[in-house]
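Student: need a structure here:
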Amino acid sequence: MSRYVGAIDQGTTSSRFMVFDREGTVVAQAQAEHAQIYPRPGQVEHDPQEIWRKTQDVMRDALDGAGLTPKDLVSVGITNQRETTLIWDRRTGEPLHNALVWQDTRNDRLVAEFARDGGRDRFRGVTGLPLASYFSGLKLRWLLDYVAGAREKAEAGEVLFGTVDTWLVWNLTGGTDGGLHLTDVTNASRTQLMSLESLDWDARMLAAFDIPRAMLPRIVSSSAVYGETRAPFAGVPIAGILGDQQAALFGQTCFTPGEAKNTYGTGCFALMNTGETPVPSKAGLVTTLAYRLEGGKPVYALEGSIAITGALVQWLRDNLGMIRDSAEVETLAATVEDNGDVYFVPAFSGLYAPHWNEGARGLIIGLTRYANRGHIARAVLEATAFQTREVLEAMEADSGIRVKELRSDGGMVANATLMQFQADILDVPVVRPKVAETTALGAAYAAGLATGYWKGLDDLARNWRVDRRWQPRMEAAQRTKIVTAWGRAVKRSLDWKLDED
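Tutor: Numbers count the residues shown, from 1 in each chain. Okay, the predicted model is just below:
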């Protein structure tokens with residue numbers, strides 16, 4: 001008898017497979033990193049075939065390591081880096097180009113071109129999204145324009161488009177031999193091609209971006225049985241798909257309007273459940289799908305996306321060599337009492353919410369002879385908290401709801417220094433759950449609901465448990481002082497890279 005639910009968590013830097021029991025406890029896992037490819041400044045790529053190989057490897061390794069077999073799994077869910085864009089040949093299964101990662105900004109000229117006629121918000125009413133290099137639609141347009149033969153093949157129905165969930169489902173269910181070509185509503189909502197109202201590809205958007213409909217996947221619910229795996233093992237139902245941040249919201253059991261979470265990973269992503277009615281943003285956020293269960297109404301969310309948070313720690317390690325391991329950043333930051341008036345704005349790919357400034361670039365400001373490695377390390381951590389505060393303030397302005405606590409998850413929540421500073425700078429408690437990797441858990445929950453492993457949302461809510469809670473303890477005057485300084489630093493980073501550059 002099947003005893004567990006599996007989840008593929010295909011992220012920006014690694015692929016992971018996790019197995020959960022009925023209480024949401026991890027019983028098996030395996031993880032493998034994949035290469036980050038940087039052809040030019042502002043360009044970030046992944047090898048789709050490497051991602052597929054690593055996904056198969058971690059699925060096998062997790063089961064083998066725990067002495068489990070595919071028969072122990074009632075179903076498998078998938079969660080993925082969302083806006084990362086792929087195109088591949090329907091007949092051969094070969095990608096026509098490396099995947100353009102969500103951080104990639106090579107389509108910024110297209111963004112500027114479309115924004116000149118109607119502004120950055122010209123498509124918000126249909127898609128909930130501003131014009132930005134971040135989303136998949138204009139990445140796809142770039143591939144069709146610049147990959148030799150891609151447009152002609154796409155119009156003939158020979159080329160398929162997908163985000164990473166689509167690529168994995170297609171390969172898992174047979175690939176060139178009958179593989180399913182589909183995506184769920186949460187990932188579709190990140191393409192800037194789907195209507196928030198109809199939950200289908202919007203003809204106006206396809207015409208505006210010149211995207212052939214024949215290459216697009218079928219849009220499905222986030223929790224439903226789509227088909228069965230063939231590789232790396234056969235016969236397990238694939239029954240849940242959620243973009244990574246929506247999966248974290250679902251894994252945090254934020255099922256009530258007003259509940260919010262923040263995921264601290266490569267980037268930071270705060271989402272607030274807004275219920276069955278989409279809330280248009282006037283404060284620089286995006287309106288997106290939170291999830292849709294099979295047979296149910298769609299649930300919407302407000303989201304604030306931050307491009308560089310955990311990636312900044314990696315940059316400190318890999319590019320500057322200031323630390324040997326990412327975990328060392330907390331130790332280094334603890335060598336000083338405060339940031340020494342040093343602020344780090346990590347606008348490596350521009351600034352996302354709430355600024356949406358493609359021309360912003362990273363800066364370190366406030367340096368004096370007093371500043372040392374510890375101050376820079378602390379500024380790196382604090383940059384994540386400052387950016388999160390900006391997003392939460394925008395969320396409260398749009399929704400009219402005061403965030404009472406912030407549920408946190410992702411790799412950086414192990415950093416107690418960061419979590420305490422986050423509570424201080426928000427002036428609300430920050431809560432870490434027992435299972436911090438809620439992205440994979442959310443995908444497992446979606447798959448388990450579709451196959452009856454869990455009976456309903458109440459079952460999932462009962463699983464959520466607190467591991468640690470950080471209470472704010474910073475004086476209001478100090479909070480105001482450093483938040484003001486951060487705002488001044490951000491203003492200096494904006495529009496560094498001009499259109500003529």
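
Student: quick one: stretch 191-210 to chain centroid distance?
Tutor: Remark: stretch 191-210 is offset 21 Å from the chain centroid, using Cα atoms, centre = their mean, to the nearest Å.

Student: for stretch 72-82, same thing?
Tutor: With Cα atoms, centre = their mean, you get 16 Å for stretch 72-82.

Student: tell me what the longest helix anywhere in the chain is packed against?
Tutor: Across the chain, the longest stretch assigned as helix under DSSP state H is helix 373-399. With contacts taken as 3 or more Cβ pairs under 8 Å, 6 or more residues apart in numbering; DSSP states H and E, helix 373-399 sits against strand 260-264, strand 268-275, strand 299-306, helix 310-318, helix 328-333, strand 343-345, helix 416-426, helix 476-493. (Each C-beta comes from the backbone N, C-alpha and C, glycine too.)

Student: repeat that for 6 Å
Tutor: Counting contacts by 3 or more Cβ pairs under 6 Å, 6 or more residues apart in numbering; DSSP states H and E, helix 373-399 packs against strand 268-275, strand 299-306, helix 328-333, strand 343-345, helix 416-426.

Student: Show me what the third one is in contact with.
Tutor: Applying Cβ atoms under 6 Å, 6 or more residues apart in numbering, the contact partners of helix 328-333 are 313, 323, 374, 377-378, 381, 415, 417.

Student: Repeat that for the second one.
Tutor: Contacts of strand 299-306 from elsewhere in the structure, counted by Cβ under 6 Å, 6+ apart, are 267-274, 278-279, 285-286, 288, 290-291, 352-353, 387, 391, 395, 398.

Student: closest one to residue 209 among the helices and strands packed on helix 373-399?
Tutor: Proximity to residue 209 (Cβ to Cβ) singles out strand 299-306 among the helices and strands packed on helix 373-399, at 20.2 Å.

Student: Distance from the closest one to the middle of the chain?
Tutor: 10 Å.

Student: now stretch 270-284
Tutor: What separates the centre of stretch 270-284 from the centre of its chain is 16 Å, taken as Cα atoms, centre = their mean.

Student: picking up where we left off before, ranking the contacts of helix 328-333 by neighbours, who comes first?
Tutor: residue 313 (29 neighbours; other Cβ atoms under 10 Å).

Student: Next up, the contacts around it.
Tutor: 326, 329.

Student: Now do it against residue 424, distance only.
Tutor: 20 Å (Cβ to Cβ, to the nearest Å).

Student: got it, and residue 109?
Tutor: Residue 109 is 41 Å from residue 424, by Cβ to Cβ.

Student: Kindly report the same for residue 279.
Tutor: Relative to residue 424, and taking Cβ to Cβ, residue 279 is found at 28 Å.

Student: quick revisit: let me know which of the helices and strands packed on helix 373-399 is tucked in deepest.
Tutor: Across these, the average number of neighbours (mean count of other Cβ atoms under 10 Å) peaks for strand 299-306, which reaches a mean of 27.

Student: Quick one: work out the angle between that one and helix 373-399.
Tutor: Here the directions of strand 299-306 and helix 373-399 differ by 150 degrees (axes from the mean of the first three to the mean of the last three Cα atoms, to 10 degrees).

Student: Partner strands of strand 299-306, with direction?
Tutor: strand 268-275 (antiparallel), strand 286-291 (antiparallel) (DSSP bridges).

Student: if we can go back for a sec, ok, of the contacts of helix 328-333, which one's closest to residue 439?
Tutor: residue 415 (17.5 Å).

Student: Return the residues in contact with that closest one.
Tutor: Counting by Cβ under 6 Å, 6+ apart, residue 415 has contacts residue 330.

Student: How confident was the prediction at it?
Tutor: What the model reports for residue 415 is a pLDDT of 93.

Student: ok, it to residue 88 distance?
Tutor: Relative to residue 88, and taking Cβ to Cβ, residue 415 is found at 38 Å.

Student: same check, this time on residue 344
Tutor: From residue 344 to residue 88 the distance is 38 Å (Cβ to Cβ).

Student: Also residue 317?
Tutor: In terms of Cβ to Cβ, residue 317 sits 33 Å off from residue 88.

Student: More neighbours: these two, which one.
Tutor: Set side by side, residue 317 and residue 88 show more neighbours around residue 88, with 25 against 17, by other Cβ under 10 Å.

Student: that's a strand at that one, yeah?
Tutor: Yes - secondary structure of residue 88 (DSSP: H, G, I helix; E, B strand; the rest coil): part of a strand.

Student: Can you name the residues that contact it?
Tutor: With contact taken as Cβ under 6 Å, 6+ apart, residue 88 is in contact with 95, 160.

Student: State the distance from it to residue 150.
Tutor: Distance from residue 88 to residue 150, by Cβ to Cβ: 10 Å.

Student: Could you find the closest non-adjacent residue to residue 223?
Tutor: residue 446 (4.1 Å; Cβ to Cβ, 6 or more residues apart in numbering).

Student: got it, and residue 247?
Tutor: Using Cβ to Cβ, 6+ apart, the nearest residue to residue 247 is residue 442, at 3.4 Å.
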